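A.B. asks: Build me a model from this:
(chains A and B, ligands or ions: 1)
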Amino acid sequence: MTPSPTADVTSLPDDPFSVANITDPYPMLTRLRENGPVTWLEKYGVYAVAGFEEVYEVLTDFETYCSSGGLGPHDIREDEGWRPPSILESDPPTHTVMRRALTGVINPSTVRALREPFTPPAEELADELVTRGEFDVVKDLAEKYPLRVFPDAVGIPEDGREHLLPYGNMVFNAFGPKNEILDRAFANADEHSAAIMQNCARENLDSTGFGARIWDRVHDGMLTPEQATLLVRALLSAGVDTTVFGIGNTLKCLSQSPQAWATLRDNPALAKFAVDEALRLESPFQKFHRTTTAAGTLGGVDIPANSKILLLTGAANRDPRQWHDNADDYDIERRASGHVAFGMGLHQCVGQPIARLEMELVLKALATRVERIEPAGEPVPIVHNSLRGFESIPVKVVPRS
Amino acid sequence: MSVLRARTREVVVDRVERVAEDVVSLVLVNPDGSPFPAWEPGSHVDLHLGEEHVRQYSLCSSPTDLSHLRIAVLNVPDSRGGSRWVHENIRPRDTVPISEPRNNFPIKDSRKYLFLAGGIGITPIIPMIEWAHAAGKEWQLVYGGRSRDSMAFGDRLRDEYGDRVRLVPEDESGRMDLQAILGLPRAHMLVYACGPTGMLRTVEDLCMGWPPGALHTEKFAATALGTASAAEPFDVDLVRSGKTVRVPTDRTILEAVEDVGVRVLSSCRHGLCGTCETTVVSGDPEHRDAVLPQQDRDSGDMMMICVSRAAAGCRRLALDL
Ligand code: FES
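C.D. replies: Residues are numbered from 1 along each chain as shown, chains lettered A, B, ... in the order given. Predicted coordinates for the structure are as follows:
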């Protein structure tokens, strides 16, 4: 049975998960935003919201728009789902317990302590790339740096780290429909899942990382062993791909904006603002679903209970009503604060400060060494159900004299 | 530490009433009977009790009736003398200097409210409830105290608002079960809590699972005992940019700093994500965020400038900006 929409909503035939719309998403997102506060997507039988105001409303009203139905288009409570639900797929009070345990482990003070160990690898990589002069931002930097520093911070073994990227790829692709993109991501699903679960087990984590700190909460009686495993898994799956995409997207924006690079080069302390604006403009995490718990109205449109809503956060972050007429421009002078690239409200990303730190350090290292950066070919977008990123971003750099 | 003399007015104590065990309420009027300036729920006044004693008390009368102001004073036996002095010396028709009402605990607009009061912490909550009720908001009050007799205005609130008010006298029903009350976060519900430090610590802890910005507290014990207060404007020296900005009571440090063109990264702007963390070069911050761990609060080296302010008695902060 295909669900049918309520009377007062306009439907569109657009497919946010088609290869064409994934590789060039913004014309379609603009169309959805301009169509009205809520759009019925015929192809999937779900509601979609693309305006900042509505996206913000759904993100912050976790009672009406729950997460335990899963972030994909399919209600994971109706069947088993492909894995036990993570913190992202949970509601209070289960969510509350896990969130409190996580914020006890990842907080300003524990993240501040990472600055020192995270800096030298960023500088070494930057030195190497500048000497090379021409490189691929994705392969040679974005995929390398987080994998060099983040798994150590969590404290997982060296063995099996090659499964991190493919596993994240599965997790985030599963927030979209069952299409070929998803099938491809799940090609070696069992092998990747098993390897990741094994890395999350207490005995395999080193004693100093975030993973072990999470397991300490089991000792305190705050978490069950199962919850601890799931939280370590959540850190691993949420903390790698998104940061890889974040670094890539930031450098793509900067390589296409010589003016912005010049400003940054003259003042590398602006790196964190350059990152924040790139997160707004090319948000790595673009879209996911919520499920309504009760009938209600959103943007004046009636929505029944148990409906799936597709949140287009990447579109909200370009809504001209929020970001003005130049919403589609990369402007590092802009106050991008308040964008929803990390979500908002209850589920706002716990790892946000770590991701920001990694991105800032990489960019700072480059800004102090590079006079000019420019494209050395067209960036190749990645075909992905929920993330926005690139397979390759070839660039040329001119070192600072 | 010098106490900056705020503008004061002489008011007459119209009535002194015992409203609970160890609590007296003072009704204050202008000598010429004229109305007081408008004030908002959450406001307090400083009571000047001689040169050295300046104490802050939340207003618990109705902001819609400006003919008088009402405060309630708990006799704290081991306090530095302010509350005992009030209890022992203030009589009807006495004159006392008070400051203009100032608001350190403003109520923000939302759809639903949960009010939590412990003991004398009920005072700022009373006008908040009146406002929320009149505005047709969904609200609830849970009010705990040692015993029914010690809980000022408890019965009155129960009579007036019925089931929305839950009284939890410890000797009858045990302590407020904050875990049960706050265990389940609610969307669009703001929590306003006022009471003893221990209770607020627990509330802060439990509210970590709530959405950013849900919890609002006034650390009554701390501010009531402070002299000059965090409700005063203060100056911030931006060490790296060589600028100084004044932070008025109704703006955050973050906003004041942005106003002079200095950029600070921020995200939630509610003290919950840690993005606006700033190094304190000198001065004492009063932390109002929910992310900084205790050891960082104690050291005073870092602060979240989207919500935190200068501490009572600190007129100047220097920040690494
Ligand atoms: S901006 Fe989030 S803590 Fe200040």
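A.B. asks: all contacts plus neighbour counts: C-alpha atoms, from now on.
C.D. replies: Fine.
A.B. asks: For stretch A:311-327, C-alpha coordinates in CSV please.
C.D. replies: What follows is stretch A:311-327, C-alpha atoms only, in CSV (Å, rounded to 0.1, in the frame of the first residue of the first chain):
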residue,chain,number,x,y,z
LEU,A,311,14.5,16.6,6.8
LEU,A,312,16.6,18.4,4.2
THR,A,313,19.1,20.0,6.6
GLY,A,314,21.4,20.9,3.7
ALA,A,315,18.6,22.9,2.1
ALA,A,316,17.7,24.6,5.4
ASN,A,317,21.3,25.8,5.7
ARG,A,318,20.9,27.7,2.4
ASP,A,319,17.4,29.1,3.1
PRO,A,320,17.6,32.8,2.0
ARG,A,321,15.1,33.6,4.7
GLN,A,322,17.7,32.7,7.3
TRP,A,323,20.9,33.4,5.5
HIS,A,324,20.0,36.3,3.2
ASP,A,325,20.1,36.7,-0.5
ASN,A,326,23.7,35.5,-0.8
ALA,A,327,22.8,32.2,1.0
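A.B. asks: That one close to chain B?
C.D. replies: No. Stretch A:311-327 lies apart from chain B when judged by CA under 8 Å from any CA of the partner chain; the minimum separation is 13.2 Å.
A.B. asks: partners of the longest strand belonging to chain B, with directions?
C.D. replies: Longest strand in chain B by number of residues (criterion: DSSP state E): strand B:8-20. Sheet pairing here is set by DSSP bridges, and for strand B:8-20 it gives strand B:23-29 (antiparallel), strand B:95-99 (antiparallel).
A.B. asks: Next, the buried residues of that strand.
C.D. replies: Within strand B:8-20, the residues scored as buried using 16 or more other CA atoms under 10 Å in any protein chain shown are B:8, B:10-16, B:19-20.
A.B. asks: Just read off the phi/psi values of the residue nearest in space to the middle of chain A.
C.D. replies: Nearest to the mean C-alpha position of chain A, by CA atoms, centre = their mean, lies residue A:285 at 3.5 Å. Backbone geometry at residue A:285, expressed as degrees, to the nearest 10, gives phi -100, psi 110.
A.B. asks: same deal with residue A:370?
C.D. replies: phi -110, psi 130.
A.B. asks: Touching, it and residue A:399? I think so.
C.D. replies: Yes. With contact defined as CA atoms under 8 Å, residue A:370 counts as touching residue A:399 (4.5 Å).
A.B. asks: Span of stretch A:329-341 from start to end?
C.D. replies: The first and final residues of stretch A:329-341 sit 16 Å from each other (CA to CA, to the nearest Å).
A.B. asks: what does stretch B:133-143 give?
C.D. replies: End-to-end distance for stretch B:133-143: 17 Å, by CA to CA.
A.B. asks: One more: stretch A:386-396?
C.D. replies: Its first and final residues considered, stretch A:386-396 spans 29 Å by CA to CA.
A.B. asks: Name the residue of the stretch 151-300 of chain A that lies nearest to the ligand.
C.D. replies: Using CA to the nearest ligand atom, the single residue of the stretch 151-300 of chain A nearest to the ligand is residue A:276, 12.6 Å away.
A.B. asks: what's the distance between that residue and residue B:260?
C.D. replies: Residue A:276 is 21 Å from residue B:260, by CA to CA.
A.B. asks: out of these two, which sits in the busier spot?
C.D. replies: Ranked by neighbour count (other CA atoms under 10 Å in any protein chain shown), residue A:276 and residue B:260 place residue A:276 first, with 27 against 11.
A.B. asks: check which helix or strand covers that one.
C.D. replies: Assigning secondary structure by DSSP states H and E places residue A:276 in helix A:271-281.
A.B. asks: What average pLDDT does the helix or strand following that helix get?
C.D. replies: Note on helix A:271-281: by DSSP H and E, the next helix or strand toward the C-terminus is strand A:287-292. Mean pLDDT, strand A:287-292: 97.
A.B. asks: Just name whatever secondary elements the lowest-mean-pLDDT helix or strand in chain A is in contact with.
C.D. replies: Across the helices and strands of chain A, the lowest-confidence element by mean pLDDT, DSSP states H and E is helix A:94-105, at a mean of 87. Counting contacts by 3 or more CA pairs under 8 Å, 6 or more residues apart in numbering or on different chains; DSSP states H and E, helix A:94-105 packs against helix A:210-219, helix A:225-239.
A.B. asks: Export these to CSV and append columns for mean neighbour count, distance to the ligand and mean pLDDT.
C.D. replies: Converted to CSV, these look like this (neighbours: other CA atoms under 10 Å in any protein chain shown; distance: least, CA to the nearest ligand atom, whole Å; pLDDT from 0 to 100):
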stretch, mean neighbour count, distance to the ligand, mean pLDDT
helix A:210-219, 21, 21, 95
helix A:225-239, 21, 19, 93
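A.B. asks: what about stretch A:328-345, start to end distance?
C.D. replies: Using CA to CA, the end-to-end distance of stretch A:328-345 comes to 25 Å.
A.B. asks: cool, stretch A:340-348 as well?
C.D. replies: From its first residue to its last, stretch A:340-348 covers 9 Å (CA to CA).
A.B. asks: Over to stretch A:329-339?
C.D. replies: Its first and final residues considered, stretch A:329-339 spans 15 Å by CA to CA.
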